[in-house]
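[1] heads up, no residue letters with this:
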């Protein structure tokens, strides 16, 4: 099953700090390599800071641009991993071992299957 | 929820069939639909041909065949061929597996931490205990459509997010099992000391929790805390006949007619507790059960071993530190060493303020103040009454304060 692991900064109380915990990686290179070696990795990007974003809407045929991210919230979307694993527990385990997990939040969302547009991807 | 044994058997068969189908399909909704079909067919066929020797197996096979037929008719059958092959393999591996394993798998799926606590409770009561949506809604004072929606969303989440119908591996088992016990205990507490509504005790919910506890104990006989939870529930539930008077008024422990406590249930609870303790793996449920056992063995409130109960609450505080435990410990100390000693234990809890909205704290405080002859008792009783949401309990508190009876 495919999942998006969406990384957000914020969404926690307390001090910043790396999470102590079994299996938590301390750097992104090792984490990404482990994911790749497991065969689960489909894709990943780390995004530039939110003030580099541009938001696009089209209303009444007019293109409207906004300088900045979609949501002005304290929780900032930092990046994402796309993975293919057998079940939710496996996806949750990968999310819980991310280097930044001690001071961020990961949303784990399953991807839809059987969508017509996916046939384009081959 | 009735005590009708035939209905109980029906529900257990239904739950067992759903459990097996859910595991094979990874889909609780599909399992439920297939089970419903099979039971409807059984109603006709068994009336004509008699009940088969193994009704559960008949139902499971019928439901499974029906499911396969429908999948074959599905126009996307070709795409699902790999999936069907995998499912057929799963059935083939099952020869050694019995029904109890599937129900354990179902319990773990329903109690998965990715589901909200109230969702876990609803799923467990519906699919493991076999209660109807109406019965669950009524037990938790929810509108039936609300509960129905909750179940629909939960089943969709289980299927779409890939929650497996499996017993967790050794690394995850501890915390997951703890979560399962918490669900069962939540159901029990809601039945034992209802947080809202008119009556104090909702016996049928306690019955369901005890049933779930017995199932877990049967499926996981070597787990000390699972046994501890069952013992705790049995020992508490045994007191139910004495906990309300004929008018439905709550009777405090000190005034209960102990001859009305259920001796068989008490004996079962004590035996299960002994089994739990023999495993030398202490935990909070076992300690709470040991406290309940001391009450069960005492001939009277005054004759209870309060000093030992206070010690046990001290142990509980170390295992499961919480201000609520301190409140209970204060009550025990107040009985063992006098109200002033109990108040000394309660002072830091009151000062911390975290339990300001917790009625039992103020009930304990008021009771200790009153017994110590402290004039602050009156105000403490007012606070306790104001914070009590359960009608029966609040009325009883008002009565103790000398308010006129509501007509």
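    Arrived safely, thanks for sending. Everything numeric here is computed off the predicted structure, so don't read it as measured data. Numbering: from 1, shown residues only, chains lettered A, B, ... in the order given.
[2] show me where pLDDT drops low in the chain?
    This is for chain A. By pLDDT under 70, the weakly predicted segments of chain A are A:11-20, A:72-74.
[3] if you could check chain B rather than the one you did, that'd help
    Scanning chain B for pLDDT under 70 picks out the ranges B:1-6, B:75-100, B:194-201, B:405-407.
[4] what residues does chain A put near chain B?
    A:1, A:3, A:86-89, A:91-92, A:108, A:110, A:114 (C-beta under 8 Å from any C-beta of the partner chain). Using the backbone N, CA and C atoms, a C-beta is placed for each residue, glycine as well.
[5] Would you format those as JSON lines with secondary structure and neighbour count included?
    Converted to JSON lines, the residues of chain A next to chain B look like this (DSSP: H, G, I helix; E, B strand; the rest coil; neighbours: other C-beta atoms under 10 Å in any protein chain shown):
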{"residue": "A:1", "secondary structure": "coil", "neighbour count": "17"}
{"residue": "A:3", "secondary structure": "strand", "neighbour count": "26"}
{"residue": "A:86", "secondary structure": "coil", "neighbour count": "11"}
{"residue": "A:87", "secondary structure": "coil", "neighbour count": "15"}
{"residue": "A:88", "secondary structure": "helix", "neighbour count": "21"}
{"residue": "A:89", "secondary structure": "helix", "neighbour count": "19"}
{"residue": "A:91", "secondary structure": "helix", "neighbour count": "27"}
{"residue": "A:92", "secondary structure": "helix", "neighbour count": "21"}
{"residue": "A:108", "secondary structure": "strand", "neighbour count": "19"}
{"residue": "A:110", "secondary structure": "strand", "neighbour count": "16"}
{"residue": "A:114", "secondary structure": "coil", "neighbour count": "9"}
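[6] Report the contact partners of residue 9.
    Just going to use chain A. The neighbours of residue A:9, taking C-beta atoms under 8 Å, 6 or more residues apart in numbering or on different chains as the test, are A:75-76, A:78, A:100, A:103-104.
[7] in what helix or strand does residue A:4 lie?
    Using DSSP states H and E, the element containing residue A:4 is strand A:2-9.
[8] Quick check: the residue of chain B found nearest chain A vs residue B:26, distance?
    Of all residues in chain B, the one sitting closest to chain A is residue B:162 (4.3 Å; C-beta to the nearest C-beta). Distance of residue B:162 to residue B:26, computed by C-beta to C-beta, to the nearest Å: 8 Å.
[9] what does residue B:294 give?
    46 Å.
[10] now swap in residue A:58 and tell me
    Taking C-beta to C-beta, one finds residue A:58 at 40 Å from residue B:26.
[11] more neighbours, these two?
    Of the pair residue A:58 and residue B:26, residue B:26 is the one with more neighbours under other C-beta atoms under 10 Å in any protein chain shown, namely 22 against 8.
[12] does that one really touch residue B:166, like I thought?
    No: checked against C-beta atoms under 8 Å, the pair residue B:26 and residue B:166 is beyond contact range at 9.9 Å.
[13] Mind listing what's buried along stretch B:174-187?
    Buried residues in stretch B:174-187, counted by 16 or more other C-beta atoms under 10 Å in any protein chain shown: B:176-181, B:183-187.
[14] can you check stretch B:123-141 too?
    Those buried within stretch B:123-141 under the rule 16+ other C-beta under 10 Å are B:123-131, B:133, B:135-140.
[15] coming back round to it: in TSV: the residues of chain A next to chain B, plus distance to residue A:71.
    Shown next, in TSV, are the residues of chain A next to chain B (distance: C-beta to C-beta, whole Å):
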residue	distance to residue A:71
A:1	27
A:3	22
A:86	32
A:87	30
A:88	26
A:89	29
A:91	24
A:92	24
A:108	19
A:110	22
A:114	30
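[16] SS state for residue A:43?
    strand (DSSP: H, G, I helix; E, B strand; the rest coil).
[17] From residue B:148, how far off is it?
    For residue A:43 relative to residue B:148 (C-beta to C-beta), the value is 38 Å.
[18] Of the two, which one has the most company?
    Higher neighbour count among residue A:43 and residue B:148: residue B:148, with 17 against 9, using other C-beta under 10 Å.
[19] ok, the more buried one touching residue B:133?
    Yes: the pair residue B:148 and residue B:133 passes the contact test of C-beta under 8 Å, sitting 5.2 Å apart.
[20] Distance-wise, check the spatially closest residue to residue B:160 that is not a sequence neighbour relative to residue B:161.
    Excluding the flanking residues, the one nearest residue B:160 by C-beta to C-beta, 6 or more residues apart in numbering or on different chains is residue A:110, at 5.3 Å. Applying C-beta to C-beta, the value for residue A:110 to residue B:161 is 5 Å.
[21] which neighbours do these two share?
    By C-beta under 8 Å, 6+ apart, the residues touching both residue A:110 and residue B:161 are residue A:88.
[22] Which parts of the stretch 151-300 of chain B are helices?
    For the stretch 151-300 of chain B, applying DSSP state H, counting those that start in this stretch gives helices covering B:170-192, B:203-219, B:224-237, B:240-243, B:263-278, B:284-297.
[23] Most tightly packed of those?
    Counting by mean count of other C-beta atoms under 10 Å in any protein chain shown, helix B:224-237 has the highest mean neighbour count of these, with a mean of 27.
[24] Which elements pack onto that one?
    helix B:170-192, helix B:203-219, helix B:263-278, helix B:284-297 (3 or more C-beta pairs under 8 Å, 6 or more residues apart in numbering or on different chains; DSSP states H and E).
[25] Show the buried residues in the contacts of residue A:9.
    Neighbour-count burial within these applies to A:76, A:78, A:100, A:104; the criterion is 16+ other C-beta under 10 Å.
[26] hmm, which two among the residues you listed are most spread apart?
    Within these, A:76 and A:100 form the most distant pair, 11.8 Å apart (C-beta to C-beta).
[27] Now do the same contact list for the residue nearest the centre of chain B.
    Centroid check for chain B by C-alpha atoms, centre = their mean gives residue B:184 as the closest residue, at 2.8 Å. Residues near residue B:184 by C-beta under 8 Å, 6+ apart: B:124, B:209, B:212-213, B:216, B:229, B:233.
[28] ok, now residue B:130?
    With contacts defined as C-beta under 8 Å, 6+ apart, residue B:130 is in contact with B:10-12, B:14-15.
[29] how about a cut-off of 7 Å?
    B:11-12, B:14-15 (C-beta atoms under 7 Å, 6 or more residues apart in numbering or on different chains).
[30] now, which of these lie close to chain A?
    Filtering the contacts of residue B:130 for proximity to chain A by C-beta under 7 Å from any C-beta of the partner chain leaves nothing.
[31] Would you mind giving those as CSV with neighbour count added?
    Below are the contacts of residue B:130 laid out as CSV (neighbours: other C-beta atoms under 10 Å in any protein chain shown):
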residue, neighbour count
B:11, 18
B:12, 18
B:14, 19
B:15, 22
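[32] Next up, phi/psi of the residue of chain A most remote from its centre, please.
    The centre of chain A is farthest from one residue, residue A:60, which by C-alpha atoms, centre = their mean lies 32.0 Å away. Main-chain dihedrals, residue A:60, degrees, to the nearest 10: phi 50, psi 40.
[33] thinking residue B:106 is in contact with residue B:129, fair?
    No: applying C-beta atoms under 7 Å as the test, residue B:106 and residue B:129 come out as separate, 10.9 Å apart.
[34] Thanks again, I'm all set now.
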